[in-house]
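>>> Starting from these lines, generate the structure:
(one chain, ligands or ions: 1)
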Amino acid sequence: MRHFIQGIFWLGLYVFISLLPLMVVFLGPRPPGRDFVTELSVALGFVGLAMMGLQFFLTARFRTVEAPYGLDVILRFHREISTAAFLIILAHPALLFWRDRSFSILYLWEQPPRAWFAVTSILALTALIVTSVWRIKLKLPYETWRVIHGSLAVVALGFALGHVIGVGHYIADLWQQFLWVLMAGASVTLLLYIRLFKPFSMTKRPYKVTNVEDLGGQCWSIRCVPDGHEGFEFKAGQFAWLTLWGTPFAIEEHPFSMTSSSLETDYVEFGIKELGDFTSHLGELPEGSTAYIDGPYGAFTFERYPAAGYVMIAGGIGITPIMSMLRTLADYEDTRPVLLIFAATTFENLTFYDEIEALKERLPHLNTVYVVNEAAEDWEGETGFVDAEMLCRYLPEHPWRHQYFLCGPWPMLFNVEQALLEVDVPNTHIHAELFNLV
Ligand SMILES: Cc1cc2nc3c(=O)[nH]c(=O)nc-3n(C[C@H](O)[C@H](O)[C@H](O)COP(=O)(O)OP(=O)(O)OC[C@H]3O[C@@H](n4cnc5c(N)ncnc54)[C@H](O)[C@@H]3O)c2cc1C
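Model (predicted):
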């Protein structure tokens, strides 16, 4: 209930701030002799501008803001709403072209600087959308994209504000000026918070890497111990941004789910699969090196959803948040039934297999089903893919009384979710984590 109310509050605040500039248009003195189309165009421009400023807020990773939704939902909203904001902003000049039945505003050599500002802002926004939607096709490494993304956002917002000041309407009254200064100041403050204040505060809370363990199947377990502070509390299933080999001021930080129990206060552990330039060098990470952790984030946690029992379905490295849940349930000496269905390409990729089996001593009602795609001849578990037929064979008697946690590759999540809905598991009981935010 608390999260629901918080969620409504933040959404309401978002809508209020997006529409706030309209107050400037409707409550203040309006330039004389302007038609409806011009006023509508200006109103849309202002709304788009406010939405642009709010994007900084959405990506600032404020834990109180993300708590009701989960960071993945916030970032998905950030993506979807960007397109909406972009279209609203484009409607601003489009309506003016339509009003004039001419593109003469685009003859920039005849126009004052405010027109240049507007064009620069829209070009920056276009580049921002293109590089985000087609990042993979453009072969942009994530870190390069992040730098480009942040820079283009600042350019787009800065030049849009320059355009507003250059046009000069709706900034005549003191209260209007105050509102604009407040909005511009908030965006700059957010930027300083993200780039300077937050990294600086993280340098005051370093961690020492005390164990780097090869888990097999190209997976590593990294244990981090708080260095001179008490660490952070998290809920089993959440994730954090990890910085290794660098300072928090650097752009290189990666999200990983915690694998340790949420009741463990001495250290925090991550299970990481080799994938690209960052994860492939974990084996070379010297023990004793410094790490920085920004977290916790995410709403993918059983601790938020009381139930008669839990069904956890993991694919490959998607076992990591579920491992934390299992370890935590064991630490709580929980006696509720837990069904784990764990699928991987080969037996070697069933990371934590031995420990999961050992956990059965502490979790008397833990039932496990292992599924591999490429089975050895002596394999006695399931083979192939997790589908509706397989699920039906193992699901508890009253599936709707349980909460479901799914983490793995997208096709698996999609198929399993559809299968669960088919057997009448309520949508609200299904929680999925996809290891892809961008
Ligand atoms: C919420 C969440 C939890 C995750 N938990 C785990 C986990 O427990 N164990 C695990 O092995 N992996 C986890 N991942 C995936 C992990 O973050 C990526 O595998 C890792 O960042 C890849 O980095 P790379 O440079 O080695 O690979 P690259 O080849 O550079 O990147 C591969 C892909 O990973 C994504 N990615 C890369 N860098 C980042 C970044 N800094 N921030 C966000 N996405 C990025 C991009 O989509 C990129 O295309 C998680 C991801 C998310 C979003």
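
>>> Next, count neighbours for the closest residue to G162 other than its chain neighbours.
For G162, ignoring the flanking residues on the chain, the nearest one in space by CB to CB, 6 or more residues apart in numbering is F117 at 4.1 Å. For glycine as for every other residue, the C-beta is placed from the backbone atoms N, C-alpha and C. The criterion is other CB atoms under 10 Å. On that basis, F117 has 20 neighbouring residues.

>>> List the contacts of F117.
The contact partners of F117, by CB atoms under 8 Å, 6 or more residues apart in numbering, come to F159, A160, G162, H163, G166.

>>> Going through those residues, which ones are buried?
Among those, those classed as buried by 16 or more other CB atoms under 10 Å are F159, A160, G162, H163.

>>> Please point out which parts of the helix or strand containing T83 sit buried.
When secondary structure is defined by DSSP states H and E, T83 falls within helix 71-100. By neighbour count, with 16+ other CB under 10 Å as the criterion, the buried positions of helix 71-100 are 71-72, 74-75, 78, 81-82, 85-86, 88-93, 95-96.

>>> Pull up the residues of the stretch 301-438 of the chain that are close to the ligand.
The stretch 301-438 of the chain comes close to the ligand at residues I317, T320, F435, N436, L437, V438, as judged by CB under 6 Å from any ligand atom.

>>> Go again with 5 Å.
Contacts of the stretch 301-438 of the chain with the ligand, taken as CB under 5 Å from any ligand atom, map to I317, T320, F435, L437.

>>> Now do the helices in the stretch 301-438 of the chain.
Residue ranges of the helices in the stretch 301-438 of the chain, as given by DSSP state H, counting those that start in this stretch, are 319-331, 353-359, 388-394, 410-422.

>>> Quick check: the gap between L13 and the ligand.
Counting by CB to the nearest ligand atom, to the nearest Å, the separation of L13 from the ligand is 25 Å.

>>> Could you check the pLDDT of that residue?
Here, the pLDDT recorded for L13 equals 92.

>>> what kind of secondary structure is it in?
For L13, the reduced secondary structure class is helix; criterion used: DSSP: H, G, I helix; E, B strand; the rest coil.

>>> Against E66, how distant is it?
Counting by CB to CB, to the nearest Å, the gap between L13 and E66 amounts to 14 Å.

>>> Next one: the closest residue to E422 other than its chain neighbours from F352, what distance?
When the adjacent residues along the chain are set aside, E422 lies closest to A388, with 5.8 Å between them (CB to CB, 6+ apart). Distance, A388 to F352, using CB to CB: 26 Å.

>>> okay, these two: which has more neighbours?
Set side by side, A388 and F352 give different neighbour counts by other CB under 10 Å, the larger being at F352 (23 against 14).

>>> Might you report the residue contacts of that one?
Each residue near F352 by CB under 8 Å, 6+ apart is listed here: L215, T259, G271, I319, M323.

>>> what about 6 Å?
The contact partners of F352, by CB atoms under 6 Å, 6 or more residues apart in numbering, come to M323.

>>> So L13 and E66 - more neighbours on which side?
Set L13 next to E66 and count neighbours by other CB under 10 Å: E66 wins out with 20 against 13.
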